[in-house]
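> starting from these lines, generate the structure:
(2 chains, ligands or ions: 2)
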Amino acid sequence: MDTTDSTLHRLPRRRVLQWFAAVAAAGENLPLQGFAQTGAPVAAKGYGTDPDLTKFYAPGDVWPLTFSDTERKAVTALADIILPADDFGPAASSLRVPDFVDEWVSAPYPEQQKDREVILPGLAWIDEESRSRFQKPFADVSEPQQKAICDDLGQPEQKDPQLKKGAAFFARFTGLCLGAYYATPEGWQAIGYVGNTPTGVFEGPPQEVLDQLGLEQTVKD
Amino acid sequence: MPTIPVSEAKPEYDVAIVGSGAGGGQMAYTLTLAGLKCVMLEAGRSYDPVTETAMFQRGDQAPLGGVRTPDKHFGFFDATVDGGWEVPNEPYTQASDKEEEQFKWWRARMMGGRTNHWGRISLRNGPYDFKPYSRDGLGFDWPISYEDVEPYYTKVEMLIGVYGSNEGMENTPDSPPGVLQPPPKGRVGDLMTQKAGKKVGVPVVPIHRAVLTRPLDAKTIPAKLHPNNKKAQKIVADSMIARAPCFWATPCGRGCSIKANYQSTTVHLPPALATGNLDIIPNAHAREVILDDQGKAKGVLFIDKTTGKEERVSAKAVVLAASSGETVRILLNSKSNQFPDGVANRSGLVGKYIMDTVGSDLRGQIPAMENLPPHNDDGAGGSHFYSPWWLYGEQKAGKLDFARGYHIEIGGTRRMPGGGSPVPGNFLKGLYGTKLKEEARRYYGSFIGLACRGEMIPNEHSFAELDPDVKDKWGIPVMRWHWKWSDQELNMATHAQRTFTEIIEAMGGTVQGGPNREGKETILKGGETIHEVGGALMGSDAEKSVCNGWNQTHDVKNLFLCDASPFPSNADKNPTLTIMALAWRCADHLIEEAAKGNL
Ligand SMILES: Cc1cc2nc3c(=O)[nH]c(=O)nc-3n(C[C@H](O)[C@H](O)[C@H](O)COP(=O)(O)OP(=O)(O)OC[C@H]3O[C@@H](n4cnc5c(N)ncnc54)[C@H](O)[C@@H]3O)c2cc1C
Ligand code: SF4
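Ligands and ions are numbered 1, 2, ... in the order given. Predicted coordinates:
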């Protein structure tokens, strides 16, 4: 049975607090009850200072991916809510966005390791939250139910410092999805990037664009 | 790139050149085409842009979408390998714990050095820039003038190919007619800034960059560059024909496999190698200049990084062009009875007066540029327009609280997305679903970045010395940096922030990070603009300078410094074109002096 937005309650404050504590503790590298395993740092090597730059790489080629099946399911569901199939382009999962996020949190670099400590507990939490609200993990609940959770996480102007942290997880996750999605030809089309193709002449912005901005091309032929 | 192992080095060369970047590349080019036998020591590995450049690769074909990591500091596809803010096995240290007193040292360790990924902005110093002390009583004059260097600016521009326009602006020299290649069309960000600049009195004109917008004229240029040298003409013509003009795609920072832009590895080294007069030894880390009993340079002691062993090459003259910081390090490490404080350092000035460029940036979001019809904005893979310094009059009238100029570099944002979010997160807060995609598309490309690139005045607090304790992997003492911006630079950055705010607001935009911020909070760290110059002051008095107006050290006649280490000032004009012009001029001098038996 679908539940509409209006009948859903806001995040219970207690659980947000719990998650917030987990994120904070992960930052100090303390073992956590719920999240100790997923939060473990990765031990793989990076690509080094002299990688082959002309090769095509896919996630998992350089260091192993580390998502559990449960995490992967949550990531896929969340990424597809964030970037669904629509008139702009395909859904995140069909552009391998979840693989990218996995590659990211599995990377041995400090910035990515820091994100790992936000993303993995955040994913565990979102499943727990979904279970407590709807008795099923995030990936298995209905779209309106998923959206209800996202609406809470996505509140941009949170005053409550705890909810602010939740928004920070959501924002970071969204940022990773955007970085992955728009790195693809489909993503380029969705955002309006045109280029990366050789041409004989560079004409500058088309007349239509110049007109819209009230500009004149000052470099003449 | 063809190289030789140490074991195949000849017993003696005419000239040993340390470093293969802009300075070393230019020296090798000029000397070998004139028939001198040269050996080049390069600390990094050999590198071939034709086969190694990731031209069309997309973010989704790179680890982590290609974002910067501690392994690749400017992103996965950036041309630089084995280099960056830190170099494995080669530490450097800071004299102070305070961040604002530290120098960030960006180093390349590969064939071609930093020229593989540099921004290709190629501006001539103007007449004022050689005589700054005479104009405002600060810093040092050069012992040479614009007129001395002008012919070499022209030669370098003809050789490497530089696009741009002649605008006849104060202290912003025109090139002789026919030398520059046509500038590319303005892009949206360029034209918007130009229009807004008009409103607030900031001129915006085409920039000069070392990118071919049409094929080089291989029929006429070689004879102008090398009159009376048929062999050189033929080699240079062949090399010019091998370069294609820009095809208006792919960021230049990755390098250019079609050789449309300047990198030492595509422009300087191939013709030098074609003469048969150049041997390049890669993975050869120079440690010391070796002297004979008369105090003349007779070769270079280096570490063969493939074996870890000390090796030597012998030569009748030595050129250091290892990037100014590293050249200083080699000089200071070359200690002997004759030079207990390092070779060519009787003045005690080696390492003094290190300069960088004043960097201070600002970004604006421009509502008029939201939701623009998609169009190709790639252009020439780097800047098209800029603002040369325009307030000489105000400065002369005493109206500004800083003495030197800055230029403005303009950055559009319709670049190839991928890796990071194409729109700053604060514009997309909390959004998801189709609304998120709509807003991403709306804001994408609606930002303009403005960057101040200004002149720093040399000061007593910015210098480099050997660290008494720390050594690199091979036991060679490392550099220790001292740094301080003076009020001159801080005031300049404050002025730049005000100007940028005005420009952005004249476009109807909002500045990101706050309008009119103070220079102190926005100035980049020392070294961060990667225009490291100075450390071996050029001057006419041997007691007060390290080398003369020919990049030749006062103390050792056959030792030449051909990177930016001799620069007595660091004009707002990016340094590399001047490095090359001075190197060419130095090479001509070296050839002449050698012929006279003066070395
Ligand atoms: C991102 C970026 C953008 C830039 N943009 C511009 C621009 O637009 N315009 C501009 O004018 N300048 C620009 N620069 C600066 C420009 O790259 C340098 O001014 C120029 O490359 C300096 O030439 P060089 O020969 O002195 O040094 P480098 O190009 O750094 O070459 C030095 C070489 O010496 C080698 N070497 C070092 N130590 C040793 C040793 N002990 N023994 C043997 N070899 C050694 C290095 O491996 C290197 O190959 C930019 C730099 C960066 C990093
Ligand atoms: S933009 Fe032009 S010059 Fe730059 S890398 Fe691409 S093809 Fe080469």
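> ok, which stretches of chain A are helices?
A:13-27, A:69-82, A:97-105, A:110-134, A:143-153, A:161-181, A:185-191, A:207-213 (DSSP state H).
> CSV for these, including mean neighbour count and mean pLDDT?
Where you see a C-beta, it was placed from the backbone N, CA and C, and this is true even at glycine. Shown next, in CSV, are the helices of chain A (neighbours: other C-beta atoms under 10 Å in any protein chain shown; pLDDT from 0 to 100):
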stretch, mean neighbour count, mean pLDDT
helix A:13-27, 17, 48
helix A:69-82, 21, 97
helix A:97-105, 25, 98
helix A:110-134, 20, 93
helix A:143-153, 19, 92
helix A:161-181, 22, 85
helix A:185-191, 20, 98
helix A:207-213, 14, 98
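> redo the ones you listed as a markdown table? Include distance to residue B:455.
Listed next are the helices of chain A as a markdown table, based on distance: least, C-beta to C-beta, whole Å:
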| stretch | distance to residue B:455 |
| --- | --- |
| helix A:13-27 | 43 |
| helix A:69-82 | 47 |
| helix A:97-105 | 41 |
| helix A:110-134 | 34 |
| helix A:143-153 | 49 |
| helix A:161-181 | 37 |
| helix A:185-191 | 39 |
| helix A:207-213 | 33 |
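> so which of those helices gets nearest residue B:409?
With respect to residue B:409, and counting by C-beta to C-beta, the nearest of those is helix A:207-213 at 20.9 Å.
> of all residues in chain A, which one is closest to ligand 2?
In chain A, the residue that lies nearest ligand 2 is residue A:198 (7.3 Å; C-beta to the nearest ligand atom).
> if we can go back for a sec, out of the helices of chain A, nearest to residue B:18?
Counting by C-beta to C-beta, and looking across all of those, nearest comes helix A:110-134 at 34.3 Å.
> what about residue A:197, neighbour count?
Residue A:197 has 12 neighbouring residues, counting by other C-beta atoms under 10 Å in any protein chain shown.
> ok, the nearest residue to it once chain neighbours are set aside - contacts?
Excluding its sequence neighbours, the residue lying closest to residue A:197 (C-beta to C-beta, 6 or more residues apart in numbering or on different chains) is residue B:249, at 5.7 Å. Residue B:249 is in contact with A:195-199, B:56, B:378, B:381, counting by C-beta atoms under 8 Å, 6 or more residues apart in numbering or on different chains.
> do the same with residue B:119
Residue B:119 touches B:209, B:252-253, B:382-383, B:574, counting by C-beta under 8 Å, 6+ apart.
> likewise for residue B:441?
Applying C-beta under 8 Å, 6+ apart to residue B:441 gives the contacts A:88, A:190-192, B:371.
> again, only this time at 6 Å
The contact partners of residue B:441, by C-beta atoms under 6 Å, 6 or more residues apart in numbering or on different chains, come to A:191-192.
> helix, strand or coil for it?
Under the three-state scheme (DSSP: H, G, I helix; E, B strand; the rest coil), residue B:441 adopts helix.
> okay, the nearest residue to residue B:455 once chain neighbours are set aside: pLDDT?
Leaving aside its sequence neighbours, residue B:455 sits nearest to residue B:404 (C-beta to C-beta, 6+ apart; 3.7 Å). Model confidence at residue B:404, given as pLDDT, is 98.
> how about residue A:44?
89.
> tell me how far the residue nearest to residue A:83 when sequence neighbours are not counted lies from residue A:82.
Distances taken as C-beta to C-beta, 6+ apart place residue A:92 nearest to residue A:83, at 3.9 Å, with adjacent residues excluded. Taking C-beta to C-beta, to the nearest Å as the measure, residue A:92 falls 7 Å from residue A:82.
> need the overlap of contacts for the two.
Residues touching both residue A:92 and residue A:82 (C-beta under 6 Å, 6+ apart) are residue A:177.
> and for residue B:98, the neighbour number?
Residue B:98: 10 surrounding residues under other C-beta under 10 Å.
> name the SS class of the closest residue to residue B:112 other than its chain neighbours, please.
Spatial nearest neighbour of residue B:112, chain neighbours left out: residue B:265 (3.7 Å); criterion: C-beta to C-beta, 6+ apart. Assigned with three-state DSSP, residue B:265 falls in the helix class.
> isn't residue B:265 up against residue B:49?
Yes: with contacts counted by C-beta atoms under 6 Å, residue B:265 reaches residue B:49, the gap being 5.3 Å.
> neighbour-wise, which of the two wins?
residue B:265 (27 against 23).
> OK, contacts around that one?
For residue B:265, the contact set (C-beta under 6 Å, 6+ apart) comprises B:49, B:111-112.
> same question for residue A:149.
Counting by C-beta under 6 Å, 6+ apart, residue A:149 has no contacts.
> how about residue B:329, nearest residue that isn't a chain neighbour?
Closest residue in space to residue B:329, ignoring its immediate chain neighbours: residue B:479 at 5.3 Å, by C-beta to C-beta, 6+ apart.
> is the one you found in contact with residue B:92, as I believe?
Yes: if you go by C-beta under 6 Å, residue B:479 and residue B:92 touch, sitting 4.6 Å apart.
> which of those two has more residues huddled nearby?
residue B:479 (26 against 21).
> which residues does that one bridge with?
Counting by DSSP bridges, residue B:479 is bridged to residue B:466.
> how far away is it from residue A:84?
The gap separating residue B:479 from residue A:84 is 54 Å, by C-beta to C-beta.
> average pLDDT for stretch B:418-435?
Across stretch B:418-435, pLDDT averages out at 93.
> gap between the two ends of stretch B:382-395?
Stretch B:382-395 has its terminal residues 30 Å apart, counting by C-alpha to C-alpha, to the nearest Å.
> got the buried residues for it?
By 16 or more other C-beta atoms under 10 Å in any protein chain shown, the buried positions in stretch B:382-395 come out as B:382-392, B:395.
> which residue packs closest to the residue of the stretch 351-500 of chain B found nearest chain A, ignoring adjacent ones?
Among the residues of the stretch 351-500 of chain B, residue B:418 lies closest to chain A, at 3.0 Å counting by C-beta to the nearest C-beta. Nearest non-adjacent residue to residue B:418, counting by C-beta to C-beta, 6+ apart: residue B:59, 2.3 Å away.
> could you pull up phi and psi at the one you found?
Backbone torsions of residue B:59, given as degrees, to the nearest 10, read phi -60, psi -40.
> ok, it touching residue A:184?
No: contact criterion C-beta under 6 Å: residue B:59 and residue A:184 do not qualify, at 7.9 Å.
> how many neighbours does residue A:85 have?
Per other C-beta under 10 Å, the neighbour tally for residue A:85 reads 13.
> all strands of the stretch 251-400 of chain B, in order?
Assigned by DSSP state E, counting those that start in this stretch, the stretch 251-400 of chain B shows strands spanning B:278-281, B:284-291, B:297-304, B:309-320, B:358-365, B:385-387.
> got the contact list for the last one?
If I follow you right, that is strand B:385-387. Under C-beta under 6 Å, 6+ apart, the answer for strand B:385-387 is B:186, B:190, B:202-204, B:206-207, B:407-410.
> who's in contact with residue B:24?
Listed by C-beta under 6 Å, 6+ apart, the contact partners of residue B:24 are B:17, B:321.
> now do the SS call for it.
helix.
> let me know the pLDDT of it.
On pLDDT, residue B:24 comes in at 98.
> wait, residue A:215 sits on residue B:193?
No: with contact defined as C-beta under 6 Å, residue A:215 does not count as touching residue B:193 (10.5 Å).
> which residues pair with the nearest residue to residue B:358 once chain neighbours are set aside across the strands?
Nearest non-adjacent residue to residue B:358, counting by C-beta to C-beta, 6+ apart: residue B:454, 3.6 Å away. Beta bridges link residue B:454 to residue B:358, residue B:406 when assigned by DSSP bridges.
> pLDDT at residue B:454, what is it?
pLDDT for residue B:454: 98.
> who's in contact with it?
Neighbouring residues of residue B:454 by C-beta under 6 Å, 6+ apart: B:358, B:406, B:492, B:572.
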